[in-house]
Structure formats: structure tokens, C-alpha cells
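Asks: just need the structure, nothing else, for what follows:
(chains A and B)
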Amino acid sequence: KQEVTQIPAALSVPEGENLVLNCSFTDSAIYNLQWFRQDPGKGLTSLLLIQSSQREQTSGRLNASLDKSSGRSTLYIAASQPGDSATYLCAAWTFQGGSEKLVFGKGTKLTVNP
Amino acid sequence: SQTIHQWPATLVQPVGSPLSLECTVEGTSNPNLYWYRQAAGRGLQLLFYSVGIGQISSEVPQNLSASRPQDRQFILSSKKLLLSDSGFYLCAWSGTEIVSDTQYFGPGTRLTVL
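Replies: Reported below is the predicted structural model:
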């Protein structure tokens, strides 16, 4: 059974710092891995999707990497801003229980202090 | 462009009362539809998904049910709510042309059962 873990659970950094959020998954047979952002009391916003054949994806100040063999993904945020404060969730598309589904981690709550 | 709506935004219900949450998608046809629940301190849990009208798959045994009466409408229901049904309910959709495509989430419904 696929399990997705995100460490740390919470992170607080000063504005302008570069940071890395970590995600690990137990079953390397994934279709892709996605990173989402969730603001308090809101739905999820898709940030990046990395296909299983890819090693990284970039969007603006965000860069996500994927290492299937080690079961790890990282989300790199460059030059962090207070507006980046949110909970970041990673999710692995996995074939489980007879169907494909997204298995989510519990998220990392990021606070960027001005 | 595609949009996804959920209502109500918040709901407070007594134990034992019925429930009906609605989700609609605009700007796409024949989407895959999903219901998730996000409880405090836990990751997103997939409750139901649907690949077409009248086709519902349940992921977790519970006192909730789902229906898809129209192509772009997904309803989550309960006959008698439990305290443990409290949480943040998210509806999502994805395309069907590409397996394991990005999921797009609605704004969510905050349900409190008292």
C-alpha cells in the first residue's frame, strides 16, 4: 500500500531564503507525482506535475524533482516571499486497490516571515 | 476555461441529520470526478470517484454515499450524520484523455457535525 510522507510538518523561514520541501513514497511504481498548494480554508491548487519518466519540472521560482528509485521528490522554492506561506502537499498517482488514485501526504505548512 | 463549484461553503449539522453536498464542473465534458475528505491532522482521503454518469466507486466503507445524476454534477450524501463526518470536503475533476492527469480542486465545504 502506497504511503506518502512529508517532512517537516511545518517550516518557518525569513523572506528571501531558498528552501526545500521533502516528500517520500513507499511504492516506486507511480505514474506521476504532483505538488499542490493549499491556503487556509481553501481548496488545492496544482503547482507541478512530474511524469514518472521525468526527473524535474520547473515553474517560475518553483522546481520539483523526482527520484523514483529512492522514492523521493523535492520541491525547491527560490527567493521565498510572504505570499508563499501555505501548506504544500505532494501526491503520488498510484495503482492501488484495483484503480488509479492520488495518494496524498499530510503536507508541510510553510510560513515565510517578512 | 474550466471551473469547479461546490456548495455550500460551510455547513453545521446536528448528529443524525441528513447531508447533501453538491459539486458541479463547467467547461469540460465527461470528466473524472472525485470526493475527498480532509480531517484535522490527517491527509486527504479519497472517498468516491466517478468515471461517468451513474458510475460510482467507493474507496472507504462509511455512512456516506455519492451519486452522479448528470455528466458534470457530483453529489455527496448521508442519511444520518456522525460526529466523525466532520471535516473539509473537497471535490475534484480530471480529464479522461490522459491517464493520471492533473486533478483540479474545488473551493471545498467545511462540515461541522455537532
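Asks: which stretches of chain B have low pLDDT?
Replies: Along chain B, segments meeting pLDDT under 70 span B:61, B:97-100.
Asks: residues contacting the residue nearest to the spatial centre of it?
Replies: By Cα atoms, centre = their mean, chain B has its centre lying nearest to B:Trp35, at 2.9 Å. Contacts for B:Trp35 were tallied using Cβ atoms under 8 Å, 6 or more residues apart in numbering or on different chains; they are B:Cys23, B:Leu46, B:Leu47, B:Phe48, B:Tyr49, B:Ala66, B:Phe74, B:Leu76, B:Tyr89, B:Leu90, B:Cys91. Backbone N, C-alpha and C define where each C-beta goes, glycine included.
Asks: quickly run through the sheet partners of the helix or strand where the third one lies, with directions.
Replies: Using DSSP states H and E, the secondary-structure element containing B:Leu47 is strand B:44-52. If you go by DSSP bridges, strand B:44-52 pairs up with strand B:32-38 (antiparallel), strand B:55-58 (antiparallel).
Asks: let me have these in JSON lines, adding distance to A:Ala9 as columns.
Replies: Listed next are these as JSON lines, based on distance: least, Cβ to Cβ, whole Å:
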{"stretch": "strand B:32-38", "distance to A:Ala9": "15"}
{"stretch": "strand B:55-58", "distance to A:Ala9": "30"}
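Asks: highest average neighbour count across the ones you listed?
Replies: With neighbours defined as mean count of other Cβ atoms under 10 Å in any protein chain shown, these peak in mean count at strand B:32-38, which reaches a mean of 23.
Asks: show me how far that one is from its chain's centre.
Replies: 4 Å (Cα atoms, centre = their mean, to the nearest Å).
Asks: what ranges does chain A have for its helices?
Replies: In chain A, no helices are defined using DSSP state H.
Asks: who in it is up against chain B?
Replies: Residues of chain A found near chain B (Cβ under 8 Å from any Cβ of the partner chain) are A:4, A:31-32, A:34, A:36, A:41-46, A:49, A:89, A:91, A:93, A:97, A:99-102, A:104-107.
Asks: and the spatially closest residue to B:Gln38 that is not a sequence neighbour, how many residues sit next to it?
Replies: Nearest residue to B:Gln38, sequence neighbours excluded (Cβ to Cβ, 6 or more residues apart in numbering or on different chains): B:Phe88, at 4.3 Å. By other Cβ atoms under 10 Å in any protein chain shown, 19 other residues sit near B:Phe88.
Asks: helix/strand/coil for B:Phe88?
Replies: Using DSSP: H, G, I helix; E, B strand; the rest coil, the structure places B:Phe88 in strand.
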